[in-house]
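[1] With the sequence up front, the predicted model follows.
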Amino acid sequence: MVNSETTKHLKDKKISTTSATFGLLRKGLISHLGIKRAKAFLLRYGWNLGVENANEVLQSSVNLEEMISKGESLRLPTGELLQMVSKRTLQTNADGEVVYIHATGKWIDSFEAKEHLKNYGLSNSPVCHILAGLASGFTTMITKRKVFLKEIKCRAMGHDECCYDMRLEEEWQDDSEMLEEISLYKESSFIDELNLVYAKLMDQKNYIEKVSTFHETLTASKLSEGDSIEELIRMISHSLEIPVTIEDLNFQTRFFAGIQPDTYDILNEDFSNYISRIKNEKLQSSTYTNTFIIRGELHNRLVTPIVVQNQSIGYMTFIYTDQTIDLQKDLMLVQQGAISVANYLLTEKASMKEVDNLRGYFLEQLLLKQYFSVSHIINRGHSMGFDLKEPFYIATLQFSSDQRDANNSDFRARVIQSITRYLILQNYQILITQFENQIVMLLPKVKELKLKLENILDFLNHQFQEVIFRIGLSNESDSIENNSGSLEESQIVLRTNNQDPIVFFENAGMIGSLINSNNMSIIRRKAQKELQPILQLKEVKRNELLKTMYIFLMNGGNLQQSISELSLSLSGLLYRISKIEKLLNKELRNPKNAYELLIMLDALKVLGDIDVS
């Protein structure tokens, strides 16, 4: 169970790219739904956010006027607070029911206007649909009257400010333009619209390129709607009457066609023996950047890389059981086959780009607990192909480099893109996003998870050779409500073990094992309370005393070893020890005190609260 203090701390965190993510989401919606349907989607999304905010406000004991005033500081989906100013007229009857409300005002620095200008330039109409829906939904819930807000000026249109007019629904009867906008609120639900977006993106996975150089049958054919990459491989195999396989970068088979499974297993063992042999001979990976021939004991193979956006993501292989066949004659065929697969994957990747953006934002919402209810977010997960009731892990991807700046948003975006591209052929769907200047992943539990993570790291190390990548993995979880704790577990374990490329929280040392998502806040509060006299000192003095105490305790109170490590004189060390004992009112040479203080220092070190290195 997550402590309320931890939850508040997590909600207060900022995500560096959330506004940009919204911009991409909005751009994708307009591209795939059209302006009107995208507007309806965003209006209703904002309305739902407003309703959620209103439900929280309604639980307080403030009066109607004060509750409405809280609408000027609602939390936006970007994690920021809404900034707006307004002038309002409110009238109620003897029973306290609202009979009239009218307001005018403006939004300060609208993120919607900013993202629209960045992606599209000037607009012919207002674009702050989420903000309009947010205010409308909030005020409607608070007043128990249908209230709608109309944006009358917008910075995306070239105006100086984003201004609005708010009225009761019946007060808009003479405004045909606003009546049409109000009707958009009454269409299908937000979830229905989200499902529609996902369905439309998935429907674009249609193969549009003709495999013209293979055969006359292929020349006149293309994949029909709903077919998959497996069907493409079967079509190529059938057209050429050659068994065809698709392998990932580790030569693990993903699809094959044109050969019986039993026969394929025998030939694949022959192939694996060949791969093991050439790896033992330290054949350079650069060999695999061009088409090459493998001659096994039982069969031959013609292999060529599948290249998407200048990066190899796997291999296409033609299999020949007749080892007398001249493979050179099929060289262009296998290359064209790989190009066809790459084109398919590129088309699929383009159509799925908005889905990836949705998934990234979805994970951000999970980590920040920006959802109305657990059942609601689980249903959204189902619409994206994830069963959040099944076990999963939270992983943090850590990276460092002495040769380049790896700590920037652009680099993190490139890494995420590379991981997404690599997983195209892995049949393993994950959620991945940038969060708090890190890359965070939600990994469904699968067999051989460690092997999958090792393969991801191998791929990243090949793509970014000057960067060191490491993965910290939380304990297994089946509750999305504990994501904040799982995230901290994945970060803690990287601090407890700074050597291994993949670190599992379940394999953490003594301190890591003592600290888990259920007791982090308790341990932190206990340690901070005991060490408060030192922690409250100025930074330089605080760090000096903490490091001295840590080194002294780690050396079991040995003065000479501590002097050597701290580069202090004996008198200097004794002075600091005396100062520490006076502040804490504890003798450091007392075994019980020493043990407890060392545990506390280690705990705060693992939690990232102090640096005693």
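    Happy to help now that I have it. Numbering: from 1, shown residues only.

[2] Where is the longest helix in this protein?
    Ordering each helix of the chain by length in residues (DSSP state H) puts helix 35-58 first.

[3] contacting residues around that helix?
    When contacts are defined by Cβ atoms under 8 Å, 6 or more residues apart in numbering, helix 35-58 is touched by residues 26, 29-30, 33, 67, 70-71, 74-77, 112, 129-142, 181, 184-185, 187, 189-190, 193-194, 197, 372. No exception for glycine: its C-beta is placed from N, CA and C like everyone else's.

[4] Buried by neighbour count, from those residues: which ones?
    Buried by 16 or more other Cβ atoms under 10 Å: 26, 29-30, 33, 67, 70-71, 74-77, 112, 129-142, 181, 184-185, 190, 193-194, 197, out of the contacts of helix 35-58.

[5] Show me where the stretch 351-500 of the chain has its helices.
    353-368, 374-383, 409-422, 449-463, 483-496 (DSSP state H, counting those that start in this stretch).

[6] Name the spans of the stretch 401-550 of the chain whose pLDDT lies under the cut-off.
    The stretch 401-550 of the chain contains residues with pLDDT under 70 at 404, 406, 507-523.

[7] So which residues of it form strands?
    Secondary structure of the stretch 401-550 of the chain (DSSP state E, counting those that start in this stretch): strands located at 431-435, 438-444, 468-473, 502-504.

[8] same question, the stretch 151-300 of the chain
    162-168, 244-247, 253-257, 292-295, 300-308.

[9] Please identify the most buried of those.
    strand 244-247 (a mean of 23; mean count of other Cβ atoms under 10 Å).

[10] Which residues does that one contact?
    The contact list for strand 244-247 (Cβ under 8 Å, 6+ apart) reads 229, 233, 236-237, 253-258, 264, 306, 314-319, 337, 341, 425.

[11] Going through those, which ones are buried?
    Burial by neighbour count, 16+ other Cβ under 10 Å: within the contacts of strand 244-247 this picks out 229, 233, 236-237, 254-258, 264, 306, 314-319, 337, 341, 425.

[12] Give me the spatial nearest neighbour of residue 459, chain neighbours excluded.
    Ranked by Cβ to Cβ, 6 or more residues apart in numbering and with sequence neighbours excluded, the top spatial neighbour of residue 459 is residue 422, at 4.7 Å.

[13] hang on, isn't that neighbour packed against residue 313?
    Yes. Counting by Cβ atoms under 8 Å, residue 422 touches residue 313, with 6.3 Å between them.

[14] Would you mind listing the residues touching both of these two?
    Shared contacts of residue 422 and residue 313, defined by Cβ under 8 Å, 6+ apart, are found at residue 249.

[15] quick one: contacts for residue 425?
    Residue 425 makes contacts with 246, 248, 254, 313-314, as judged by Cβ under 8 Å, 6+ apart.

[16] repeat that with 10 Å
    Neighbouring residues of residue 425 by Cβ atoms under 10 Å, 6 or more residues apart in numbering: 229, 246-249, 252, 254-255, 306, 313-315, 341, 345.

[17] Next, work out how far apart it and residue 472 are.
    For residue 425, the distance to residue 472 equals 26 Å [Cβ to Cβ, to the nearest Å].

[18] about what we covered before: mind checking the strands of the stretch 401-550 of the chain for the one nearest to residue 151?
    strand 431-435 (29.9 Å; Cβ to Cβ).

[19] Neighbours of the residue nearest to residue 536 when sequence neighbours are not counted, how many?
    Among residues not flanking residue 536 along the chain, residue 542 sits closest, at 7.7 Å (Cβ to Cβ, 6+ apart). Residue 542: 15 surrounding residues under other Cβ atoms under 10 Å.

[20] from what I can see residue 542 touches residue 580, true?
    No. Taking Cβ atoms under 10 Å as the definition, residue 542 is not a contact partner of residue 580, at 11.2 Å.

[21] shared neighbours, these two?
    Counting by Cβ under 10 Å, 6+ apart, the residues touching both residue 542 and residue 580 are 531, 534.

[22] Who are the packing partners of the one helix or strand residue 572 maps to?
    Taking DSSP states H and E as the definition, one finds residue 572 inside helix 570-584. Applying 3 or more Cβ pairs under 10 Å, 6 or more residues apart in numbering; DSSP states H and E, we find helix 570-584 packed against helix 532-535, helix 539-554, helix 559-566, helix 591-606.

[23] For residue 332, find the nearest of these.
    helix 591-606 (57.7 Å).

[24] Can you give me the buried ones in the closest one?
    593-594, 597-606.

[25] would you turn those residues into a markdown table with distance to residue 436 and pLDDT?
    As requested, these are exported to a markdown table (distance: Cβ to Cβ, whole Å; pLDDT from 0 to 100):
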| residue | distance to residue 436 | pLDDT |
| --- | --- | --- |
| 593 | 36 | 80 |
| 594 | 35 | 80 |
| 597 | 30 | 81 |
| 598 | 29 | 79 |
| 599 | 27 | 75 |
| 600 | 25 | 79 |
| 601 | 25 | 79 |
| 602 | 23 | 74 |
| 603 | 21 | 73 |
| 604 | 19 | 75 |
| 605 | 19 | 75 |
| 606 | 18 | 68 |
